[in-house]
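K.L.:
sequence plus the predicted model coming up.
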Amino acid sequence: MSEGDSVGDSVHGKPSVVYRFFTRLGQGWYIVTYALGIYHLNLFIAFLSPKVDPSLMEDSDDGPSLPTKQNEEFRPFIRRLPEFKFWHAATKGILVAMACTFFEAFNVPVFWPILVMYFIMLFCITMKRQIKHMIKYRYIPFTHGKRTYKGKEDAGKTFAS
């Protein structure tokens, strides 16, 4: 960047698409932003949820389930939405939102503080329900705080043939 370039200018002196997108979101486009936030919340809940819901699988033995008792064997946590698919879908959602900002039909005038309050309320209620589900069926979708097991020490001896 040379001295005359602004923050949002790309290498060729034209404003970058990403900078233009976020500038436009700051000037309106609240419905597009709200829909993108709801979509990302939905993806995040699917990312935190197990592939096989333990509340639905309590009575049947159709495939793997999470251990709910101390004497059950360990089964690894398999996500409903794997990490790569989560990021791929989130990126596609951002690209669709960027495309929507080029059409004035999506720039609906709304009182944005109500959308923010509603999104915060929806986020809190949804996460509370998800955390209660995690506590009830004792699954942790993250590796932080989980017990790790170490194998036998390597003797360092190699066999030559």
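P.N.:
Sure, I can see it.
K.L.:
assign the residue nearest to residue 17 when sequence neighbours are not counted to helix, strand or coil.
P.N.:
Using CB to CB, 6 or more residues apart in numbering and skipping the chain neighbours, the partner closest in space to residue 17 is residue 98 (6.9 Å). For glycine as for every other residue, the C-beta is placed from the backbone atoms N, C-alpha and C. Here residue 98 is recorded as helix under DSSP: H, G, I helix; E, B strand; the rest coil.
K.L.:
count the residues that sit near residue 97.
P.N.:
Number of residues near residue 97 (other CB atoms under 10 Å) recorded here: 20.
K.L.:
ok, it touching residue 34?
P.N.:
No. Here residue 97 does not reach residue 34: they are 10.2 Å apart, not a contact under CB atoms under 8 Å.
K.L.:
if we can go back for a sec, doesn't residue 33 make contact with the residue nearest to residue 17?
P.N.:
No. Using CB under 8 Å, residue 98 is not in contact with residue 33, being 11.4 Å away.
K.L.:
burial count for residue 138?
P.N.:
Neighbours of residue 138 using other CB under 10 Å come to 12.
K.L.:
how far away is residue 131 from residue 137?
P.N.:
11 Å (CB to CB, to the nearest Å).
K.L.:
compare these two and say which is more crowded by neighbours.
P.N.:
Neighbours per residue (other CB under 10 Å) separate residue 131 from residue 137, with residue 137 holding more: 17 against 11.
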